[in-house]
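Asks: Sharing a sequence plus its predicted fold:
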Amino acid sequence: MNRLPNTPFVILGLAILVAAAAAAEDLPHVVVLATGGTIAGAQPAEGDPGYKAGSLSIDSLIAAAPGMDKIARITGEQIASIGSQDMNDEVWLKLARRANQLLATPEVDGIVVTHGTDTLEETAYFLNLVIKSDKPVVLVGSMRPATSTSPDGPLNLYNAVAVAADPAARGLGVTVVSNDDLFAAREIQKTNTTDLQTFISPNRGQLGEAYYGKVWLFNRPINRHTTSSELSLDGVEALPRVDIVYSHANADGTMVEAAVAAGAKGIVLAGVGDGNATKPMVDALAAAAKKGVVVVRSSRVGSGIVRRNIEVDDDTLGFVASLELNPQKARVLLRLALLETAEPAEIQRMFDEY
Ligand code: DGL
């Protein structure tokens with residue numbers, strides 16, 4: 001007959017297991033919502049610079065970042081598996097609604113969204129306007145695929161989970177972690193096609209750092225977001241069409257007229273310089289505004305502030321100035337604003353505040 005193992009050791013082992021389980025239960029609960037991107041990218045062959053974004057599952061991402069189980073109790077859900085160049089309204093609405101549902105439960109302390117970097121700034125700002133919780137929501141991506149020689153995704157994910165688990169990150173609005181830096185969703189911009197240090201906040205600087213799981217804050221957002229946002233997805237099945245029109249030397253009004261013909265309710269100008277455009281393009285925008293299309297002037301320049309009535313008479317033409325928002329972020333705010341109003345003066349207030 002097999003002898004029972006020595007009882008005191010069995011009791012000690014059980015006690016250790018129970019203590020470990022209890023300790024894990026005491027950790028903050030972070031839910032990782034995966035959408036795809038390079039952070040989940042896989043190369044067809046080792047060393048091949050090419051890869052397919054969104055190839056790997058959320059479980060493999062979590063497994064590739066050891067030690068996270070010491071800073072949070074992590075659960076995961078696959079919302080989508082796409083390169084973020086294919087990000088779309090269906091995923092946006094699903095992601096925002098699932099995040100709000102999870103954040104409304106006391107069991108969830110924070111959320112991490114894994115995402116491609118191409119449109120990460122757009123999704124981050126969209127969530128910044130429609131998430132109805134002050135709990136941390138952190139977006140994270142990577143510039144190298146998960147299968148590369150020295151992937152940046154695992155440490156980015158580890159740091160993102162650390163921010164999502166940190167009570168000090170409550171009330172910051174939606175944030176983004178990349179390459180040890182912590183950014184506000186409203187301020188961040190992708191500025192390099194391949195560099196690890198691609199994300200910067202050109203106008204206001206970063207919020208702080210997230211360095212090997214330690215969060216350092218040296219800034220806080222001052223614009224309205226999340227729980228102070230009046231913008232909502234309640235009852236929304238579709239977002240209004242808003243097109244971006246890029247200005248350049250010798251531009252005419254063709255692309256503006258095409259946007260109007262396509263049913264755009266708003267047009268964002270990616271203008272030259274301080275939100276300027278050729279006279280033919282400004283005339284086409286003015287004609288669109290007269291038809292009730294809301295026109296927002298932004299700039300292709302990448303930093304600085306587009307203010308009202310500098311070289312374009314916004315008051316007379318009925319245009320809105322985007323202030324610091326680049327064209328892709330101005331489009332996000334304009335789409336949500338158009339759910340509430342088409343009055344340019346009211347939409348300008350929203351650009352002033354968000
Ligand atoms: N396909 C791009 C995307 O998913 C790759 C860029 C990245 O994720 O870093 O945004």
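Replies: Received the coordinates, thanks.

Asks: Summarise which helices and strands the host helix or strand of Val91 is packed against.
Replies: If you go by DSSP states H and E, Val91 is part of helix 89-103. When contacts are defined as 3 or more C-beta pairs under 8 Å, 6 or more residues apart in numbering; DSSP states H and E, helix 89-103 packs onto strand 29-36, strand 73-82, strand 110-114, helix 120-130. Quick note: C-beta positions are derived from backbone N, CA and C, even for glycine.

Asks: Just name the most buried of the ones you listed.
Replies: strand 110-114 (a mean of 28; mean count of other C-beta atoms under 10 Å).

Asks: what about stretch 322-336, distance to the chain center?
Replies: In this view, stretch 322-336 has its centroid 13 Å away from the chain centroid, taken as C-alpha atoms, centre = their mean, to the nearest Å.

Asks: That stretch close to the ligand?
Replies: No. Contact of stretch 322-336 with the ligand is not found when judged by C-beta under 6 Å from any ligand atom; the minimum separation is 13.0 Å.

Asks: what secondary structure does the closest residue to the ligand within the stretch 1-150 of the chain sit in?
Replies: Of all residues in the stretch 1-150 of the chain, the one sitting closest to the ligand is Gly116 (2.0 Å; C-beta to the nearest ligand atom). Three-state assignment for Gly116 (DSSP: H, G, I helix; E, B strand; the rest coil): coil.

Asks: Tell me which residue is most central in this protein.
Replies: Centroid check for the chain by C-alpha atoms, centre = their mean gives Ala124 as the closest residue, at 1.6 Å.

Asks: will you turn the helices and strands packed on helix 89-103 into JSON lines that also has distance to the ligand?
Replies: Shown next, in JSON lines, are these (distance: least, C-beta to the nearest ligand atom, whole Å):
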{"stretch": "strand 29-36", "distance to the ligand": "6"}
{"stretch": "strand 73-82", "distance to the ligand": "7"}
{"stretch": "strand 110-114", "distance to the ligand": "9"}
{"stretch": "helix 120-130", "distance to the ligand": "7"}
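
Asks: among those, which is nearest Pro151?
Replies: strand 110-114 (12.8 Å; C-beta to C-beta).

Asks: who does that closest one touch, helix- and strand-wise?
Replies: strand 29-36, helix 89-103, strand 137-140, helix 153-164.

Asks: Check whether the longest one comes near the ligand.
Replies: Looking back up the chat, that one is helix 89-103. No. Contact between helix 89-103 and the ligand is absent, the nearest approach being 12.0 Å (criterion: C-beta under 6 Å from any ligand atom).

Asks: So for that helix, mean pLDDT?
Replies: For helix 89-103, mean pLDDT rounds to 98.

Asks: Over to the shortest one?
Replies: Model confidence over strand 137-140, given as mean pLDDT, is 98.

Asks: Also stretch 146-163?
Replies: On average, stretch 146-163 scores 93.

Asks: Can you tell me which of the helices and strands packed on strand 110-114 is packed in deepest?
Replies: For the helices and strands packed on strand 110-114, the highest mean count by mean count of other C-beta under 10 Å goes to strand 137-140, at a mean of 29.

Asks: partners of that strand, with directions?
Replies: The strands beside strand 137-140 in its sheet (DSSP bridges) come out as strand 110-114 (parallel), strand 174-178 (parallel).

Asks: how about a markdown table for the helices and strands packed on strand 110-114, with distance to Ala330 added?
Replies: A markdown table is the format used below for the helices and strands packed on strand 110-114 (distance: least, C-beta to C-beta, whole Å):
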| stretch | distance to Ala330 |
| --- | --- |
| strand 29-36 | 23 |
| helix 89-103 | 16 |
| strand 137-140 | 19 |
| helix 153-164 | 26 |
